[in-house]
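1. Sequence and predicted structure are below.
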Amino acid sequence: MTSAEIERCNQPLLIYGRPYATPTKDLWALLTDGELASAQRMPPKDRNTWLWCRAMLRKCLGIKLNIDPAEIQFAYNAHGKPELKDQSLHFNVSHTASSFLIGIAQESIGVDLEFIPEQIDSVTADYVLNEQEKGYCQEGKNLQAFAEIWTLKEAFLKATGLGLVDDLPSIDVDPLSEKNTISRNGWSRNSFVCPGGEVGAFVGRNTAELQFLHCS
């Protein structure tokens with residue numbers, strides 16, 4: 001998808017990337033001194049991915065809004081969710097140590113990205129899953145299904161702006177049910193496996209025309 005295609009895209013847009021080197025001078029130039037300073041305080045294993053993610057977010061928002069990416073101003077809501085100061089577009093981001101996912105849409109959205117865990121113990125299963133979800137992912141033994149449920153819950157919380165909560169089982173995202181928490185609240189959902197093997201989730205008002213972009 002080219003810059004022109006990003007600009008013309010009126011559907012929710014997902015951008016996935018896996019940084020392969022230190023950001024180039026062109027990408028560095030998109031970042032503020034505050035963002036660069038924040039990155040320096042991060043663990044080295046997370047820093048490069050965060051820099052790439054923030055630079056690509058600025059670049060894509062700049063294309064969509066037809067403004068200089070370096071001039072974009074961010075604000076944070078009461079729960080710490082970042083947003084554009086003028087709220088002309090909505091976005092959300094998620095990243096692992098080696099990959100990132102950016103969502104951009106006309107309405108509020110949430111995205112999450114997680115590697116499939118190597119194993120899940122009973123304490124973690126009880127912390128995340130309700131009884132129906134335990135059945136769907138075999139008490140956490142189906143690790144991809146567990147990651148699907150976890151990322152959907154995180155994406156829903158980010159879409160609603162609530163952030164993290166302590167009672168994850170109360171958020172019902174059972175993929176086999178059309179009467180789960182997401183649909184009852186008027187949201188749509190989409191789960192997918194990314195090119196790097198991570199499980200991703202998108203929650204928004206319209207996922208039917210979701211567009212994917214893989215940047216590398």
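-> Happy to help now that I have it. Keep in mind that this is a model prediction, so the values were computed, not measured. Residues are numbered from 1 along each chain as shown.
2. what's the neighbour count on L210?
-> Residues lying near L210 (other Cβ atoms under 10 Å) number 17. For glycine as for every other residue, the C-beta is placed from the backbone atoms N, C-alpha and C.
3. got it, and P175?
-> Considering only other Cβ under 10 Å, P175 is surrounded by 16 other residues.
4. Was I right to think it contacts F146?
-> No - applying Cβ atoms under 8 Å, one finds P175 not in contact with F146, separated by 11.5 Å.
5. so what's A208 scoring on pLDDT?
-> What the model reports as pLDDT for A208 is 67.
6. ugh, typo on my part, it should be R205
-> On pLDDT, R205 comes in at 85.
7. same check, this time on N10
-> 82.
8. can I assume it sits in a strand?
-> No - counting by DSSP: H, G, I helix; E, B strand; the rest coil, N10 is not part of a strand but coil.
9. what's the single longest helix in this structure?
-> When the chain is parsed with DSSP state H, its longest helix is helix 44-65.
10. Now the element after it, going C-ward?
-> Later in the chain than helix 44-65, the nearest helix or strand by DSSP states H and E is strand 74-76.
11. Name the surrounding residues that touch that following strand.
-> With Cβ atoms under 8 Å, 6 or more residues apart in numbering as the test, strand 74-76 has contacts from P82, E83, L84, K85.
12. farthest pair in those?
-> P82 and K85 (10.3 Å; Cβ to Cβ).
13. No more questions from me, cheers.
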